[in-house]
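Asks: Structure, please.
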Amino acid sequence: MNPDERPRPQYGEYASEAERAAAIERSGGARPTPSEAPAASDTPVRPAVSKKSASTPGQPARPALNRTANKGSDRIVTIFLLTFGLVYIIGGAGSYFTLGASMERMFAQLGVGEYTPTTLTPIIGIVIVVSEGIIWLLAAGWSYRRISSGRPSWWIPVAAGIIGFFVSVALLGVLLAQDPAFLSYVSSA
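Replies: Residues are numbered from 1 along each chain as shown. Modelled structure (predicted):
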């Protein structure tokens, strides 16, 4: 292929030595000396292969995996799950901030008896909201970093939701374990 048939260079990949030197001069860099200039080669350049994709020595290298295949759907699912989690936290915050009244309503609906609020009740409600908020912020930050690097991140909000659920259940279990009406209801069942 002669130089007239080649497509014009976009980013310097087909630029001649004179075009490269002119571009370097325009950008304010020093002009390379002939000994520094790379030798032109007619052999095609192989794409770079990551260390992970190289197999054993003597074997042909496998091309790096394309990480952008599911990038769009992963981003949509991750953002949906994070939004769902945030709506859940904001919607449940009112019940947790008035945890004593919420527990009284729950006990009345279930026919357990009368809930006896303790000094720990409002504190546990606040701790639940704060812990769920921190877990959500960590999940959102980690998801953003993984999305930015092109790695799958849909599982992070799912894992954060499971962790937040178990934290809430454990803290509510502390309250229920101290309530005499709940303990008598469980022991009579």
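Asks: next structured bit after the longest helix belonging to the chain?
Replies: Determined from DSSP state H, the single longest helix within the chain is helix 120-148. Next along the chain after helix 120-148, taking DSSP states H and E as the criterion, comes helix 155-178.
Asks: Rounded mean pLDDT for that following helix, please.
Replies: Averaged across helix 155-178, the pLDDT comes to 96.
Asks: Now do the helix or strand that that helix is followed by and helix 155-178, the angle between them.
Replies: On the C-terminal side of helix 155-178, the closest following helix or strand by DSSP H and E is helix 180-188. Angle between the axes of helix 180-188 and helix 155-178 is 90 degrees (criterion: axes from the mean of the first three to the mean of the last three Cα atoms, to 10 degrees).
Asks: what comes up buried for the longest helix of the chain?
Replies: 121, 124-125, 127-129, 131-132, 135-136, 139-140, 143, 146-147 (16 or more other Cβ atoms under 10 Å). For glycine as for every other residue, the C-beta is placed from the backbone atoms N, C-alpha and C.
Asks: Angles on the backbone of Ile89, please.
Replies: As for Ile89, its main-chain torsions (degrees, to the nearest 10) stand at phi -60, psi -50.
Asks: switch to numbering from 27
Replies: Done: numbering now begins at 27, and the last item shifts to Ile115.
Asks: can you pull the contacts of it?
Replies: Counting by Cβ atoms under 8 Å, 6 or more residues apart in numbering, Ile115 touches 155, 158-159, 162.
Asks: Can you list the neighbours in contact with stretch 200-208?
Replies: Contacts for stretch 200-208 (Cβ under 8 Å, 6+ apart): 125, 129, 133, 138-142, 144, 146-147, 150, 209.
Asks: could I get the residues you listed as a markdown table with distance to Trp180 and pLDDT?
Replies: Output for the contacts of stretch 200-208, formatted as a markdown table (distance: Cβ to Cβ, whole Å; pLDDT from 0 to 100):
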| residue | distance to Trp180 | pLDDT |
| --- | --- | --- |
| Leu125 | 32 | 94 |
| Met129 | 34 | 94 |
| Phe133 | 38 | 93 |
| Val138 | 39 | 89 |
| Gly139 | 43 | 89 |
| Glu140 | 44 | 92 |
| Tyr141 | 39 | 92 |
| Thr142 | 43 | 90 |
| Thr144 | 40 | 91 |
| Leu146 | 37 | 94 |
| Thr147 | 36 | 95 |
| Ile150 | 31 | 97 |
| Leu209 | 41 | 92 |
